[in-house]
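Enquirer: Provide a 3D model corresponding to the input given below.
(3 chains)
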Amino acid sequence: MADTDTAEEAPATDSVPKDTAREELLGELQERLGDAIIASHIKPADELWVRVTTEGWAEIAHVLRHAMNFKYFDFVSAIDWMPSPFGREMDSEVDLAVAAAAGETETKEPEPMVQGYTGGDTRFQVFSRVLDVENLRGLIIKADVPESLEVPTWITSYPGAVWHEREVHEMYGISFAGNPDMRNLYLPGDFEGYPMRKDFPLLARRVKPWPGIVDVEGMPGSDDEPDESTSDGEAAE
Amino acid sequence: MISTLSSVLLSTVLAVEIPYWGQTSFRVLGGLVAILLPAGGLVYVYLFKMMSFMQSRLGPMEAGPYGSMQLLAEVGKFLQKEDIVPAKADRVVFLGAPFIVLLSTFLLLLVVPFGPDAWFVDLDTGVYFAMAVSSVSVIGILMAGWGSSSKYSLLGGIRAAGQLVAYELPMILAVVGVVIQAGTLNMNEIVFAQANGEIFGIGVIGNPYILTQFVGFAVFLIAIQAELTQPPFDMPVAESELVAGYMTEYSGLRFLLFFIGEFATAGVFSAIAAVLFLGGWYVPFLAPEHNLYNVLGPLVLMAKIFGVAGLIFWFRFTYPRFREDQLQRLAWKFLIPIALVNIVITGVLKVVF
Amino acid sequence: MTATAGASEREQLAYIAAKAADSRVNVELETEGMTLNIGPQHPATHGTLRIIAKLDGEQVISADPVMGYMHRGYEKLTEVRTYPQVTTLINRIDWLGSFANEVPFILAAEKLMEVEAPPRAVWIRTILFEMSRIANNLLGLGDMAAQLGAVTPVFYAFRDREYVLNQVEAVTGGRFHPNFDRIGGLKDDIPAGWIASTKDSMVKMRAAADELETLVFGNEIFTTRTRGIGIIPADIALEYGMSGSNLRGSGVDWDLRRDSPSGLAYDQADWKVWTHPDGDSYARAWVRLQEMREGTYIVDQLLDSLPSGPVMAKVPRIIKVPEGEAWVETENPLGAMGYYIVSKGDLVPFRVKIRSASFNNIAIVPWVLKGVYVPDIISILASLYFILGDIDR
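Expert: Numbering: from 1, shown residues only, chains lettered A, B, ... in the order given. Modelled structure (predicted):
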């Protein structure tokens, strides 16, 4: 287990002050969970990120809740790491994915998928945060979501997770094994598609391009010349 | 013995003999005036104005001087609205319910004396009659709750039935003390008894029973507050829970009937309270046999109605509402024992003095 | 790895608690149940929350909240807005404490950009943050009284809230949606004479708090309606992620203003975190009232120690947030509100997770409403004090 702590994007640890409290917490977790912890990332005096295996997702909740006094459940959510096929601002005039498939535009090499802090192997990741309100410790836990789009539920450890998991289910299509209530929370029961996925088009943007994207307001105290900004280029003329 | 204020005036002052149908017409007219005038007055003075001032706002200001015509505008608005009957409602029951509620109000008014000779019916069992017909409104409310075929209405109707039945008892028991002290069930004779009464040998202001029967008055006031389904006892119409309780499905004219009925009943119950505890149409320093009372009496009673109703509405605008079981507890564990003790003490004192 | 021995004991306790919640429904007579649909259009749900309550008589067997009537998809929309434009959206999450919504998002963005707002901006942020709490809690209490059937206090609440909103408007130009916070500081400095007039309004707010305390909390019917009703034990509250006054009403001494004052000036004032051990409706409302009053003292102290200087740090004209992830949570009027921002170095965020307070606070509703009576549904919901926009986002 020498290389469990990969910490891909961790800043150069020599120059930054050590965050002993978070390192202790990480050490304790590694001791208790062993191989389940794949990667971690510490931003000193800010936050601890921990990535666990899919199987370890329920286990870490159980350990944190029952053995380590992390009683406070903050949230469970998910993230889709795939770069949007509609351009970075979802603002392209044509549907790039559809157009490329039809051969209308040249197939653009998709941007590489970068999974942020603590890395990852899959397109979807679930992440959550729990707290120890007595000792004021907290951490963010991430886990990869396999192809089957199913991860273990948290409701056995934190009953409050039920609505969060329902929300993730309807927004990303990730189901939680063991959660009996997987109805849609916000969306109508017969809604098709998973709106928070990056390849779900924001229809308002398809219908009408967003004019606001170039209209960046000047900040008070900003010394930038208006000519330098792309936004005022049109307005200046 | 049968005469009304109007017929008395016409027959005595103008010395005209009035046929029976004429008397009846006058009585109906008098009844409508006696119901609608206090009801409208209460709505304007208390609901529109006093409540607004308590809540640091002005209330209606545009319709008429200081918004005094607002009620007419509201009536006009309600009359224009469509009278909707829900598709699955029990049609006859649904349509009839507001009239039953209003009927109870009119029946209550029958026995209220407005002067020594100005009354609709002079029943020797007046108090008994009043207490009996006040329960008729329960039937109307249950009809409204059941007939609407709406869950909110049903819950409201059932709550109202439970509440109204529970509060009949303290109301009747509170009145018993007055009846014992006056020695009669006749409402007009209760007024005479108060006018001619003495407290410890001092008879200058008579003996308004609020002084000797204060406990009874307090219980009676709380009970009629509950009978009127007003805060803190407004669970049957609790707007934050049941939308409008048994009135939820009503619109237009029929809602107006419920609305007017509520305030008219408040006026009539205030009148009964005024007769039983405040000396009715009597004012001190004017002998009760004086003929002037047939004109002055209604005005005096009106003033007393507004006094009692002022208390009722003051509670209404101030208090949050009880829960259903807490209300029942208040009635059975608190009000009824107090009223019973009051009866016993009154009886003992009546025998002693 | 399996559960440890201590864990199974805890699980047993949770099991017993759940059974106790079930046993509060004691069915004596075999009666036909009824399903009551409270909302989405209902006088008691300020907004469009719908609760499907299965009743036995007037007792609730199960309550299932249905949301989504106001879902606006802010998490998706933030992915197509530039960072400064996002504040316009998130203003509308908790619309009664709008300024407080902007702060955690801006703080998270500042954290990623490694920009620090100048002290004066931090102070003014904290003052406005606290003022939105005062306005929000005051209206919440007035509204709770209205839900319990008292028609008058809510008018006092609306009247007195105006003193705070006027001050907010004087600074930001908006009563409801200030949209005033910027990455690196604030849009403007406070106007002349604002400190004195704010202190005046804080005096009025203290008077309003006193008035509410006597008018509402001193009322015996209010007490009987709320004491011992809707009790939420501390453990349950923590597991469901309740926060704010609701959590402190259950006796948990945890306040992000004190415990992680990141980017705000709460550590510069002397104040107290109020808790109440009971965990019932009364305790939640009581804590809310105390926090409103405590907020006026915080504002007063921060006004006295307001530093001079600029209100805006140097930030680029076009804001591109460097790659990274940041999480900032603050103690908003309704409870803990957090933003998890994932940036890819673009004009727009890659992903924004909005953790809103009411969502977690309302998640406990199915648990707490089990076995109560219909009137208590309303009083418990009012004491939990949610804003629909804060649930649905």
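
Enquirer: I'd like to know which residues of chain B are adjacent to chain C.
Expert: B:51, B:54-57, B:151-152, B:155, B:231-232, B:234-235, B:238-243, B:317-326 (C-beta under 8 Å from any C-beta of the partner chain). To be clear about C-beta, it is placed using only N, CA and C from the backbone, and glycine gets the same treatment.

Enquirer: Apply 6 Å and report the result again.
Expert: B:54-56, B:151, B:231-232, B:239-241, B:317, B:319-323, B:326 (C-beta under 6 Å from any C-beta of the partner chain).

Enquirer: element containing residue C:340, please.
Expert: strand C:335-343 (DSSP states H and E).

Enquirer: now residue C:290
Expert: Per DSSP H and E: helix C:281-304 holds residue C:290.

Enquirer: send the alpha carbons of that helix over as PDB?
Expert: Taking C-alpha atoms only, helix C:281-304 is exported to PDB below (Å, rounded to 0.1, in the frame of the first residue of the first chain):
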ATOM      1  CA  SER C 281     -41.000  23.300  17.600                       C
ATOM      2  CA  TYR C 282     -40.700  25.800  20.400                       C
ATOM      3  CA  ALA C 283     -37.000  25.300  20.700                       C
ATOM      4  CA  ARG C 284     -36.400  25.900  17.000                       C
ATOM      5  CA  ALA C 285     -38.400  29.100  17.000                       C
ATOM      6  CA  TRP C 286     -36.800  30.300  20.200                       C
ATOM      7  CA  VAL C 287     -33.300  29.800  18.800                       C
ATOM      8  CA  ARG C 288     -34.400  31.600  15.700                       C
ATOM      9  CA  LEU C 289     -35.500  34.600  17.700                       C
ATOM     10  CA  GLN C 290     -32.300  34.600  19.800                       C
ATOM     11  CA  GLU C 291     -30.200  34.500  16.700                       C
ATOM     12  CA  MET C 292     -32.100  37.400  15.200                       C
ATOM     13  CA  ARG C 293     -31.400  39.400  18.300                       C
ATOM     14  CA  GLU C 294     -27.800  38.300  18.500                       C
ATOM     15  CA  GLY C 295     -27.400  39.300  14.800                       C
ATOM     16  CA  THR C 296     -28.200  42.900  15.700                       C
ATOM     17  CA  TYR C 297     -25.400  42.900  18.200                       C
ATOM     18  CA  ILE C 298     -23.000  41.500  15.600                       C
ATOM     19  CA  VAL C 299     -24.000  44.200  13.200                       C
ATOM     20  CA  ASP C 300     -23.500  46.900  15.800                       C
ATOM     21  CA  GLN C 301     -20.000  45.700  16.700                       C
ATOM     22  CA  LEU C 302     -18.900  45.300  13.100                       C
ATOM     23  CA  LEU C 303     -20.200  48.700  12.300                       C
ATOM     24  CA  ASP C 304     -18.000  50.100  15.100                       C
END
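
Enquirer: what's that helix packed up against?
Expert: Where contact means 3 or more C-beta pairs under 6 Å, 6 or more residues apart in numbering or on different chains; DSSP states H and E, helix C:281-304 is packed against helix C:119-147, helix C:194-212, helix C:245-248, helix C:374-384.

Enquirer: any chance of those in a markdown table, plus mean neighbour count, mean pLDDT and distance to chain B?
Expert: As requested, the helices and strands packed on helix C:281-304 are exported to a markdown table (neighbours: other C-beta atoms under 10 Å in any protein chain shown; pLDDT from 0 to 100; distance: least, C-beta to the nearest C-beta, whole Å):
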| stretch | mean neighbour count | mean pLDDT | distance to chain B |
| --- | --- | --- | --- |
| helix C:119-147 | 26 | 89 | 5 |
| helix C:194-212 | 17 | 90 | 11 |
| helix C:245-248 | 30 | 90 | 20 |
| helix C:374-384 | 26 | 86 | 5 |
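
Enquirer: nearest residue to residue C:201 other than its sequence neighbours?
Expert: Residue nearest to residue C:201 in three dimensions, not counting chain neighbours: residue C:163, with 4.1 Å by C-beta to C-beta, 6 or more residues apart in numbering or on different chains.

Enquirer: Do you know the pLDDT at the residue of the stretch 151-300 of chain B at minimum distance from chain C?
Expert: Nearest to chain C, among the residues of the stretch 151-300 of chain B, is residue B:240, at 4.2 Å (C-beta to the nearest C-beta). Looking at residue B:240, its pLDDT is 74.

Enquirer: How much space separates it from residue C:189?
Expert: Going from residue B:240 to residue C:189 by C-beta to C-beta, to the nearest Å gives 43 Å.

Enquirer: the more surrounded of these two?
Expert: residue B:240 (21 against 18; other C-beta atoms under 10 Å in any protein chain shown).

Enquirer: picking up where we left off before, can you give me the angle the helix holding residue C:290 makes with helix C:194-212?
Expert: Put simply, helix C:281-304 runs at 160 degrees to helix C:194-212, going by axes from the mean of the first three to the mean of the last three C-alpha atoms, to 10 degrees.

Enquirer: Mind listing residues that contact helix C:281-304?
Expert: Residues from elsewhere that reach helix C:281-304, judged by C-beta atoms under 6 Å, 6 or more residues apart in numbering or on different chains: C:123, C:126-127, C:130, C:133-134, C:137-138, C:141, C:144, C:195, C:202, C:205-206, C:209, C:226-227, C:229-230, C:245-246, C:248-249, C:269, C:271, C:274, C:276, C:379-380, C:383.

Enquirer: measure the nearest residue to residue C:205 once chain neighbours are set aside to chain B for me?
Expert: Computed as C-beta to C-beta, 6+ apart, the closest residue to residue C:205 that is not its neighbour in sequence is residue C:296, at 5.0 Å. In this view, residue C:296 and chain B are 21 Å apart by C-beta to the nearest C-beta, to the nearest Å.

Enquirer: No further questions, thank you.
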